[in-house]
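**Q** how would this look folded up:
(one chain, ligands or ions: 1)
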Amino acid sequence: MTKAASVKDAAMADPAPHSRSGQKNTVIDIQNLSLTFETNDGPVHALSDIDLKIEQGDFVSFIGPSGCGKTTLLRVIADLERQTAGTITVNGVTPEQARLNRAYGYVFQAAALYPWRTIARNIALPLEIMGLPKSEQDQRIAKNMDLVNLTGFEQKYPWQLSGGMQQRASIARALAVEPDLLLMDEPFGALDEIVRDHLNEQLLQLWAKTNKTVVFVTHSIPEAVFLSTKIVVLCPRPGRIYDVIESDLPRERTLDLRETPEFLKIAHRVREGLKAGHSYED
Ligand SMILES: Nc1ncnc2c1ncn2[C@@H]1O[C@H](COP(=O)(O)OP(=O)(O)OP(=O)(O)O)[C@@H](O)[C@H]1O
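**A** All right, here's what the predicted structure looks like:
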């Protein structure tokens, strides 16, 4: 597929990716950002000189070996960590202001559902905290359970659902606050490969339907290439960006795409980046 064709696909799948000037809106703008943790054993340079722009409607994966700073970078975006140098804006404001504006939903590796609440009441939790009227809560629960294909499971408890279904429920809970930005930290890392494949397809469908911007942490090369419009390869000590790959795969994807030469070419480039940035002393 040519670059021009993929851009056309992107425009078709994405109803409002641009501002009126025709420019894509920058959702996350990171410049010269570093973060050093001071520990009893000395400083840990978790992130060093990170420059990255993420635009409206992008699906961006962070991939890299353990300890290269993927989670730390996601946590800086979410205002769960603060950088020690450089700048970052989320929707044009500080991460703190973006958090207060409820700009993002955050999905963790573990579904983290309350076992004593039904699935519907788990999804309702952030809405209760926001003080939304019951009718609005019910409408958002129904809409987001439908988006993750869980309609009919409202009154079940988390332990009555499979791991994949629990993770879909946690995605519905993140979506219920209606954020434009979804931050996902290895959400499918603990699931078996068949379930992960299925959830990857469902996540892409959800992304196409909702036009969200997604930032996704993974260890898996096929997952990163299958899902992303942009793949950020990080390497450790200090954590830094080794490569940024703009994918020219079409936005509408099914799993058989993984057998194509275009897919394998991108996967090869990611693998080469991971190899080059890897320290074999670990
Ligand atoms: N709160 C903290 N205090 C001290 N060091 C930390 C803290 N959080 C993370 N680190 C260190 O920062 C570095 C980056 O950690 P981070 O968890 O972001 O890596 P990662 O790429 O997400 O790893 P993994 O794939 O294992 O989750 C690691 O060396 C880690 O030990």
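**Q** from now on I want contacts and neighbour counts done on CA atoms only, so please keep to that.
**A** Will do.
**Q** kindly report the residues of this protein close to the ligand.
**A** Residues of the chain lying close to the ligand by C-alpha under 6 Å from any ligand atom are 37, 39, 44, 46, 65, 66, 67, 68, 69, 70, 71, 72.
**Q** helix/strand/coil for the fourth one?
**A** I take that to be residue 46. Following DSSP: H, G, I helix; E, B strand; the rest coil, the label given to residue 46 is strand.
**Q** before we move on, the earlier item: in helices only, show me the residues of the chain next to the ligand.
**A** Taking DSSP state H, the ones among the residues of the chain next to the ligand that sit in helices are 70, 71, 72.
**Q** contacts only, for the last one.
**A** By C-alpha atoms under 8 Å, 6 or more residues apart in numbering, the contact list for residue 72 reads 46, 47, 81.
**Q** run the last query once more with 7 Å
**A** Contacts for residue 72 (C-alpha atoms under 7 Å, 6 or more residues apart in numbering) come out as none.
**Q** pLDDT value on it, please?
**A** pLDDT for residue 72: 96.
**Q** and it, how far is that from residue 61?
**A** Distance of residue 72 to residue 61, computed by C-alpha to C-alpha, to the nearest Å: 14 Å.
**Q** on that earlier part again, okay, the ones in helices among the residues of the chain next to the ligand in TSV with distance to residue 224 next?
**A** Formatted as TSV, those follow (distance: C-alpha to C-alpha, whole Å):
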residue	distance to residue 224
70	13
71	15
72	18
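**Q** could you report the neighbour count for residue 190?
**A** Neighbourhood size, residue 190 [other C-alpha atoms under 10 Å]: 12.
**Q** quick one on the thing from earlier: hmm, which of the residues of the chain next to the ligand are the buried ones?
**A** 46, 65, 68, 69, 70, 71, 72 (16 or more other C-alpha atoms under 10 Å).
**Q** among the residues you listed, which one sits closest to residue 219?
**A** residue 65 (7.0 Å; C-alpha to C-alpha).
**Q** report the contact partners of that closest one.
**A** By C-alpha under 7 Å, 6+ apart, the contact set of residue 65 is residue 235.
**Q** residue boundaries of the strands in the chain?
**A** Assigned by DSSP state E, the chain shows strands spanning 26-39, 42-55, 59-63, 85-90, 104-107, 181-185, 213-218, 230-235, 240-246.
**Q** and those strands, which is most packed in?
**A** Mean neighbours per residue, mean count of other C-alpha atoms under 10 Å, is largest over the strands of the chain for strand 59-63, with a mean of 26.
**Q** what sits up against that one?
**A** Here strand 59-63 makes contact (C-alpha under 7 Å, 6+ apart) with 70, 213-219, 224, 227-234.
**Q** the same query, at a cut-off of 6 Å, please.
**A** Contact partners of strand 59-63, identified using C-alpha atoms under 6 Å, 6 or more residues apart in numbering, comprise 213-219, 224, 228-233.
**Q** Serialize these to a markdown table and add fields for pLDDT.
**A** Listed next are the contacts of strand 59-63 as a markdown table, based on pLDDT from 0 to 100:
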| residue | pLDDT |
| --- | --- |
| 213 | 96 |
| 214 | 96 |
| 215 | 97 |
| 216 | 96 |
| 217 | 97 |
| 218 | 95 |
| 219 | 92 |
| 224 | 96 |
| 228 | 97 |
| 229 | 96 |
| 230 | 97 |
| 231 | 97 |
| 232 | 97 |
| 233 | 97 |
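**Q** how close does the residue nearest to residue 49 when sequence neighbours are not counted sit to the ligand?
**A** Once flanking residues are discounted, residue 49 sits nearest to residue 32: 4.4 Å by C-alpha to C-alpha, 6 or more residues apart in numbering. Going from residue 32 to the ligand by C-alpha to the nearest ligand atom, to the nearest Å gives 17 Å.
**Q** hmm, back to that, for the residues of the chain next to the ligand, which two are the farthest from each other?
**A** Among those, 39 and 65 lie farthest apart (C-alpha to C-alpha), at 21.2 Å.
**Q** sorry, back to before: I'd guessed the residue nearest to residue 49 sits against residue 51; true?
**A** Yes - look at residue 32 against residue 51 with C-alpha atoms under 6 Å: they come within range, at 5.4 Å.
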